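**Student:** sequence first, predicted coordinates after that:
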Amino acid sequence: MTMAVEEVAASLIGLRGRDYLSSADGSVSETTALLTLAAQLKSGDRQIDLGNRILGLIFTKASTRTRVSFQVAMARLGGQTIDLNPTVTQLGRGEPLRDTARVLSRYCDVLAIRTFAQQELVDYAHWASVPVINALTDLEHPCQALADFLTMQEEHGELPGQTLAYIGDGNNVAHSLMICGALLGVNICISCPEGFEPLSGVLEQARSLAQHDATIEVLTDPVQAVAGAQAVYTDVWASMGQEQEQMERESAFASFCVDQALMDHAAKDAIALHCLPAHRGEEITAEVIEGASSRIFDQAENRLHAQQALLAALMGGL
Ligand code: CP
Ligand code: NVA
């Protein structure tokens with residue numbers, strides 16, 4: 001957190017021109033430096049002007065936070081954003097991805113893509129000649145995880161040794177928390193109903209990346225998972241694309257609501273986190289969202305600072 005400007009720049013040099021498709025696409029030092037830069041941008045200690053660079057957004061799923069925070073981040077870096085909504089571009093009429101990616105690379109300096117399959121993102125990254133950022137897929141949400149750990153760092157300081165308990169679906173958000181948390185030395189304890197665990201491959205990957213002896217665990221009991229945790233995190237039970245499973249999931253997840261009683265089992269100064277949008281009364285109560293331990297709106301703000309840092313690093317503006 002006390003890294004000098006030159007030290008941050010040196011740590012991030014390797015990200016220049018690279019893609020950020022997964023939380024694993026940043027090394028330990030790069031991920032740490034991204035959080036430092038994000039904090040410096042937030043406090044006003046750093047200002048970065050990239051010149052008139054252009055970000056292209058290709059979102060095939062709905063978004064409020066990711067879309068707007070990327071647009072504002074780009075504006076603060078002196079650049080502009082073009083919203084390439086697939087329904088109004090030739091993408092929606094079946095123009096091949098390989099052509100779209102190559103053409104957009106001639107106009108844009110960076111692309112942020114929100115879609116279903118991770119493979120589609122990988123294909124974009126293959127054909128594009130500019131950096132591609134994962135703005136959420138079914139597999140991961142790496143920009144979210146950067147903001148989440150920035151929020152934990154702001155609240156509780158140095159991240160290694162802290163514990164984040166994630167209650168609910170072993171989904172894209174959980175996957176990126178596991179990988180990013182592992183890199184940052186944060187213990188991650190996931191609690192989910194049987195059949196809704198994170199992918200075993202991601203669990204193995206996170207464990208193999210873990211720093212500072214961080215543990216990555218998957219349990220069923222939410223009370224056990226939150227014991228001693230500095231942050232208690234949850235997300236919707238049915239993600240975008242799973243709407244038809246909502247009813248079935250409501251019964252499977254009934255005992256996985258983050259309420260005040262569950263928060264009381266966490267560390268005394270634990271914070272409540274949620275990536276939003278939230279379903280009050282399902283995965284989290286209104287009392288917790290609005291309560292004293294909630295840092296959910298700081299977390300949402302931190303999307304802006306974390307993505308501003310990421311854009312600057314990928315475009316080599318440090
Ligand atoms: N948390 C998050 O990604 O929100 P949006 O879906 O609104 O972008
Ligand atoms: N898991 C959720 C996150 C939304 C930001 C989804 O994919 O819909």
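**Tutor:** Yep, it's here. Ligands and ions are numbered 1, 2, ... in the order given.

**Student:** which residue ranges of this protein form helices?
**Tutor:** Counting by DSSP state H, the chain has helices at residues 5-12, 28-43, 65-76, 97-107, 118-127, 142-156, 172-184, 200-209, 222-226, 246-252, 260-263, 286-290, 296-314.

**Student:** of the ones you listed, flag the one that's most buried.
**Tutor:** helix 172-184 (a mean of 28; mean count of other Cβ atoms under 10 Å). Any C-beta I mention is one placed from the backbone N, CA and C, and that applies to glycine too.

**Student:** related to what we said a few turns ago, out of the helices of the chain, nearest to residue 240?
**Tutor:** helix 172-184 (9.4 Å; Cβ to Cβ).

**Student:** go ahead and confirm residue 197 touches residue 218.
**Tutor:** Yes. Counting by Cβ atoms under 8 Å, residue 218 is a contact partner of residue 197 at 5.4 Å.

**Student:** what do those two both touch?
**Tutor:** 170, 190, 203 (Cβ atoms under 8 Å, 6 or more residues apart in numbering).

**Student:** which of those residues lies closest to ligand 1?
**Tutor:** Checking these against ligand 1 with Cβ to the nearest ligand atom, the nearest one is residue 170 at 17.1 Å.

**Student:** count the neighbours of the closest one for me.
**Tutor:** 22 (other Cβ atoms under 10 Å).

**Student:** just checking, it touches residue 194?
**Tutor:** No. Between residue 170 and residue 194 there is no contact under Cβ under 8 Å: 10.7 Å.

**Student:** quick check: residue 268 vs residue 293, distance?
**Tutor:** Note on residue 268: its distance to residue 293, by Cβ to Cβ, to the nearest Å, is 10 Å.

**Student:** which bits of this protein sit near ligand 2?
**Tutor:** Along the chain, the residues adjacent to ligand 2 under the rule Cβ under 6 Å from any ligand atom are 136, 171, 172, 173, 235, 236, 239, 240, 275.

**Student:** related to what we said a few turns ago, as CSV, the shared contacts of residue 197 and residue 218 with distance to residue 80 would be great.
**Tutor:** Below are the shared contacts of residue 197 and residue 218 laid out as CSV (distance: Cβ to Cβ, whole Å):
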residue, distance to residue 80
170, 37
190, 39
203, 40
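
**Student:** among these, which one sits closest to ligand 2?
**Tutor:** residue 170 (10.5 Å).

**Student:** show me what contacts the nearest residue to the closest one once chain neighbours are set aside?
**Tutor:** Among residues not flanking residue 170 along the chain, residue 198 sits closest, at 3.4 Å (Cβ to Cβ, 6 or more residues apart in numbering). By Cβ under 8 Å, 6+ apart, residue 198 lies in contact with 170, 171, 174, 175, 178, 190, 192, 218.

**Student:** contacting residues around the second one?
**Tutor:** Read it as residue 171. 138, 198, 235, 239.

**Student:** again, only this time at 7 Å
**Tutor:** 235, 239 (Cβ atoms under 7 Å, 6 or more residues apart in numbering).

**Student:** check the first one too.
**Tutor:** Contacts here follow Cβ under 7 Å, 6+ apart; on that basis residue 170 touches 190, 192, 196, 197, 198.

**Student:** now the fourth one
**Tutor:** Taking Cβ under 7 Å, 6+ apart, we find residue 175 in contact with 139, 140, 198, 199, 202.

**Student:** mind running it again at 6 Å?
**Tutor:** Residue 175 makes contact with 140, 198, 202, according to Cβ atoms under 6 Å, 6 or more residues apart in numbering.

**Student:** please list the residues of the protein that sit near ligand 1.
**Tutor:** Checking the chain against ligand 1 by Cβ under 6 Å from any ligand atom, the hits are 63, 64, 65, 66, 136, 144, 275, 276.

**Student:** look up phi and psi at the residue nearest to residue 228 when sequence neighbours are not counted.
**Tutor:** If the residues on either side of it in the chain are set aside, residue 228 comes closest to residue 267, at 5.5 Å by Cβ to Cβ, 6+ apart. Main-chain torsions, residue 267, degrees, to the nearest 10: phi -60, psi 150.

**Student:** residue 267 and ligand 1: what is the separation?
**Tutor:** Residue 267 sits 24 Å away from ligand 1, going by Cβ to the nearest ligand atom, to the nearest Å.

**Student:** try residue 79
**Tutor:** Remark: distance between residue 79 and ligand 1 (Cβ to the nearest ligand atom) = 20 Å.

**Student:** if we can go back for a sec, in strands, which of the contacts of residue 170 fall?
**Tutor:** If you go by DSSP state E, the contacts of residue 170 have residue 190 in strands.
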